[in-house]
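Chemist: Let me see the structure of the following:
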Amino acid sequence: MRNNWSSNTEWEKVFAYSRAVQIGNTIEVSGTTATEGAAIIGVGDITLQTEYIIKKIEHSLVEAGFGLEDVVRTRIFITDISMWKEVAKVHAYLFDEVMPASTLVEVSRLIHPDLLIEIEATALKE
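Modeler: Have a look, this model is predicted:
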């Protein structure tokens, strides 16, 4: 059975996508940025943006009956690869024993110049 989870943002309507899609015991969380409505959280601070994003992903997972402990993969897109250590520190702290498979890629830019990072996640319930 398929469940589409929404956060009711304008982007979901413009692009026709869901915050997360669950099929059976698997959920895919869309690319997540440090935004709250029109506000960008942590402008100039990749550590704050990373933590905010992972907590936002966690909120989506919990709403669907999952948790960070169920995450099996993260995909991380950053605009400046030299900041990878700051991202890694937050990722390691929040995923401690979970240790999901992960990809980190530098991209030339994101949808807004103040966004430094975007993260996707896949979670699986055993």
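Chemist: Helix or strand with the lowest mean pLDDT in this structure?
Modeler: helix 10-15 (a mean of 79; mean pLDDT, DSSP states H and E).
Chemist: next helix or strand past that helix?
Modeler: strand 20-23 (DSSP states H and E).
Chemist: Which other helices and strands does that next one contact?
Modeler: If you count contacts as 3 or more Cβ pairs under 8 Å, 6 or more residues apart in numbering; DSSP states H and E, strand 20-23 packs onto strand 2-5, strand 26-32. Placement of C-beta: from N, CA and C, glycine included.
Chemist: how much distance is there from the strand or helix carrying Thr50 to the middle of the chain?
Modeler: Thr50 belongs to helix 46-63 when elements are defined using DSSP H and E. Its chain's average C-alpha position is 6 Å from that of helix 46-63, according to Cα atoms, centre = their mean, to the nearest Å.
Chemist: what does the average pLDDT come to for that helix?
Modeler: Computed over helix 46-63, the mean pLDDT rounds to 97.
Chemist: Return it as PDB; C-alpha atoms alone will do.
Modeler: This file holds the C-alpha atoms of helix 46-63, laid out as PDB (Å, rounded to 0.1, in the frame of the first residue of the first chain):
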ATOM      1  CA  ILE A  46      26.100  24.700   7.600                       C
ATOM      2  CA  THR A  47      26.200  23.000  11.100                       C
ATOM      3  CA  LEU A  48      22.800  24.500  12.000                       C
ATOM      4  CA  GLN A  49      21.300  23.800   8.600                       C
ATOM      5  CA  THR A  50      22.400  20.200   8.800                       C
ATOM      6  CA  GLU A  51      21.000  19.600  12.300                       C
ATOM      7  CA  TYR A  52      17.800  21.400  11.400                       C
ATOM      8  CA  ILE A  53      17.400  19.200   8.200                       C
ATOM      9  CA  ILE A  54      18.000  15.900  10.000                       C
ATOM     10  CA  LYS A  55      15.500  16.900  12.700                       C
ATOM     11  CA  LYS A  56      13.000  17.900  10.000                       C
ATOM     12  CA  ILE A  57      13.500  14.500   8.300                       C
ATOM     13  CA  GLU A  58      13.000  12.800  11.700                       C
ATOM     14  CA  HIS A  59       9.700  14.600  12.100                       C
ATOM     15  CA  SER A  60       8.500  13.300   8.800                       C
ATOM     16  CA  LEU A  61       9.600   9.800   9.700                       C
ATOM     17  CA  VAL A  62       7.900   9.900  13.100                       C
ATOM     18  CA  GLU A  63       4.700  11.000  11.500                       C
END
